[in-house]
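Colleague: got a sequence here, can you model it:
(one chain, ligands or ions: 2)
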Amino acid sequence: MSTEIQDYKKVGDQASQEMLIKATGDCVDTCFDRYETQKNHCKFGTTGVCCRICHMGPCRITARSPLGVCGADADTIVARNYLREVVGGTAAHSDHGRHLVLRLKKVAQGNGNGYTIKDEKALRYNAKLYGIEEAGRTKQEVALDLVELFLGEFSSQEETLKTLTLAPEKRQGVWSNLEVTPKGIDRTVVEAMHRTTMGVDHDYKSLLMHAFRTALADGWGGSRVATIVSDILFGTPKPIKSEANLGVLKEANINILIHGHEPALSEMLAVAVQSPDVKEYAKKAGANGITLAGLCCTANEILMRHGVPVAGNFLQQELAIITGAVEMMVIDVQCCMPSLPKVAEKYHTEIISTAEIAKTVGASHVELNEDTPLESAKELIKRAIDNFKNRDASKVSIPKATSSMVAGFSVDAIKYMLGGTFRASFRPLNDAIIANRIFGVVGIVGCSNPNCELENYTNVLTKELIKRNVLVLKTGCAAIASGKAGMMKPEIGIEMAGAGLREVCETVGIPPVLHMGSCVDNCRILEAASELVFEGGLGDDLAGLPAVGVAPEWMSEKAIAIGSYFVASGVDVILGNPFYTSGSENVVKFLNEDTKELFGASFHDCADPMEAADLIMEIIGEAREKLGINKKAERKLYDMQDRRDLDV
Ligand code: SF4
Ligand code: MSK
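Modeller: Ligands and ions are numbered 1, 2, ... in the order given. Presented below is the predicted three-dimensional model:
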């Protein structure tokens, strides 16, 4: 490794290192450089004791000034700030869900204009879950009823969320006893903003309980609705092969990147890019073809359903442009850096913002024509093709690194893999856990963050867990990290797995690390955990399952909401970097200890991936002990007499 590369040791993967070196040569600033200039973080911010909620402040709590002008203490201020972060995450996931519900409404009313109900089975299955009559009715009629119900999930003023009834009954009882069952999503979010404005809710416990209530409105509300409707409109993901890392970009091709979170436009682009006229247009422009690839969670959405390759995760969005080979980056919502047009100035890349609510200075704004979305998508691709002539060959350098992967593990797909068409169920997984071939299940989720070495924590922990026979479920940028590291290629992942997990994966034909989708799809992990409970033999609640959640390199408010709904659901959560709450011992104690009494799960801070692995084994071991399954099952070879006995 050259000294130049060693300088970028905060970036573990070769492809990103190469692009950071190129960025220096091209005089381009990236988030890694900006992190260096920003990294002396304000202590008032990182400890959560800065309040700028009213204009008597800003107030900052210190030993010499323990109260704000209004009298608010550190507990109130830290808890208010935490709740507002949960609100940000919940609002992002839920607004995404709302847009999808409104799209399903148009489709059901006959105004889909190219969007259809792609998965009628998912529509009917989910309608039944909510008690909507579906037999003998058209899919449009069923969809309209489901849309009405989902819109009620946002607007309900007095009734609690219907989607919460998809959780195990015992958990619903816990929420009800603690009075954290949320009413409508919009009401819950508005109330959170009201509670945190100057002079309203000052009791840190009351504020934190509303944070959990709000997070539940995300995980068992907005996010779950978003995932269900995405499956209905675009298809429930099934295992699909693809590739990950910057090497998916091709020098001789037109390269188009889709980035953000909402799948509606990218679905159209994935269809449009296949059309013969568009392909012909690319050939005429002198390109071999078109590479459509994704970044962040838009990538995960279209990877899961179309096998569209993933160019990279959150921290690779600028690096992708620095290859000099990207004709267009189409951005929608969430996690798209405002720096993108600035980076693109050095190259020929055109940044196109597409969401009405998400505009970026320096980007061109093009919204999909709702009457002719496919045509709009084609026009966008042709615009990228027209930009090919502006590419400067001397600035092009695409890293070679790519890794093949299998993604697309929705809960439905996992059930099918475990039991086939006629016996699709989680039974074999429950049995493997009970027999201790699989020690437990861990969801590793979240982002990448320049405050730590890119993907190191995520990959070290994942590798260690599968070695210790823990099945790993992944979403978001953490999933992309495993894809890039080869762990989602069954033959490679299986080699890394411990004997018990390996046996199960080989029998079923799955990798030991399952890609379950985007960050909104973290609700799929809760759905999978609920299936473990419904299947029987592992207790009657999510709390007590041999399962843990981890957010190793998180950075977004969405991750705070996700962590909070995991804990409120009874699943312990390990954080690679702590919340900005250390300014209040009471708040930290509440989140890291008191929640265990309330919800049966809590947060744990753990900066080292190997220590996290040990902690996870301890938490899962305790759960196994309580379930009475903490022993190594002997494998019994049956002789003829045993078989006769079994038959009796
Ligand atoms: Fe200061 Fe209180 Fe205003 Fe916050 S709400 S800025 S603590 S006076
Ligand atoms: S994109 S929220 S960086 S996972 Fe979902 Fe990745 Fe985190 Fe954004």
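Colleague: got the contact list for residue 243?
Modeller: 309, 310, 402, 403, 404, 405 (C-beta atoms under 8 Å, 6 or more residues apart in numbering). Every residue, glycine included, has its C-beta placed from N, CA and C.
Colleague: surely the last one touches residue 488?
Modeller: The reference is to residue 405. Yes: Residue 405 sits in contact with residue 488 when judged by C-beta atoms under 8 Å, with a separation of 3.8 Å.
Colleague: so what sits against both of those two?
Modeller: 482, 515.
Colleague: quick one: secondary structure of the most centrally placed residue in the chain?
Modeller: Centroid check for the chain by C-alpha atoms, centre = their mean gives residue 519 as the closest residue, at 1.4 Å. Under the three-state scheme (DSSP: H, G, I helix; E, B strand; the rest coil), residue 519 adopts coil.
Colleague: mind checking the SS state of residue 544?
Modeller: Quick answer, by three-state DSSP: residue 544 is coil.
Colleague: any idea of the pLDDT on it?
Modeller: Note on residue 544: pLDDT of 95.
Colleague: quick check: the gap between it and residue 295.
Modeller: Counting by C-beta to C-beta, to the nearest Å, the gap between residue 544 and residue 295 amounts to 38 Å.
Colleague: more neighbours: those two, which one.
Modeller: residue 295 (27 against 20; other C-beta atoms under 10 Å).
Colleague: count of neighbours near the closest residue to the more buried one other than its chain neighbours?
Modeller: Here the nearest residue to residue 295 in space, its sequence neighbours aside, is residue 259; by C-beta to C-beta, 6 or more residues apart in numbering that works out to 4.0 Å. As a burial measure, residue 259 scores 28 neighbours (other C-beta under 10 Å).
Colleague: was I right to think residue 259 contacts residue 314?
Modeller: No: applying C-beta under 8 Å as the test, residue 259 and residue 314 come out as separate, 9.5 Å apart.
Colleague: any shared contact partners between those two?
Modeller: 295, 296, 335.
Colleague: for the last one, which non-adjacent residue is closest in space?
Modeller: Read it as residue 335. Nearest residue to residue 335, sequence neighbours excluded (C-beta to C-beta, 6+ apart): residue 296, at 5.0 Å.
Colleague: next one: that neighbour from residue 258, what distance?
Modeller: Taking C-beta to C-beta as the measure, residue 296 and residue 258 are separated by 9 Å.
Colleague: more crowded one of those two?
Modeller: More neighbours surround residue 296 than the other of residue 296 and residue 258, with 31 against 28 (other C-beta under 10 Å).
Colleague: contact partners for the more buried one?
Modeller: By C-beta under 8 Å, 6+ apart, the neighbours of residue 296 are 259, 260, 261, 313, 314, 317, 334, 335, 336, 476, 477, 480.
Colleague: please apply the same query to residue 164.
Modeller: Per C-beta under 8 Å, 6+ apart, neighbours of residue 164: 172, 175, 181, 182, 216, 220, 221.
Colleague: tell me the one of these nearest ligand 1?
Modeller: Ranked by distance to ligand 1 (C-beta to the nearest ligand atom), these are led by residue 182 at 25.3 Å.
Colleague: excluding chain neighbours, what is closest to the closest one?
Modeller: Using C-beta to C-beta, 6+ apart, the nearest residue to residue 182 is residue 217, at 4.0 Å.
Colleague: helix or strand for residue 257, which one?
Modeller: strand 254-260 (DSSP states H and E).
Colleague: quick one: name whatever helix or strand follows that strand.
Modeller: Next helix or strand after strand 254-260 toward the C-terminus (DSSP H and E): helix 263-272.
Colleague: distance between the helix or strand just after that next one and the chain's centre?
Modeller: Next along the chain after helix 263-272, taking DSSP H and E as the criterion, comes helix 276-284. Relative to the chain's own centre, helix 276-284 is displaced by 34 Å; criterion: C-alpha atoms, centre = their mean, to the nearest Å.
Colleague: can you check stretch 100-107 too?
Modeller: Distance of stretch 100-107 from its chain centroid, counting by C-alpha atoms, centre = their mean, is 22 Å.
Colleague: contacts for that stretch?
Modeller: 112-113, 115-117, 143-144, 146-147, 150-151, 154, 225-226, 229-230, 232-233, 262, 264, 370.
Colleague: which ones among those residues map onto helices?
Modeller: Taking DSSP state H, the ones among the contacts of stretch 100-107 that sit in helices are 143-144, 146-147, 150-151, 154, 225-226, 229-230, 232-233, 264.
Colleague: no more questions from me, cheers.
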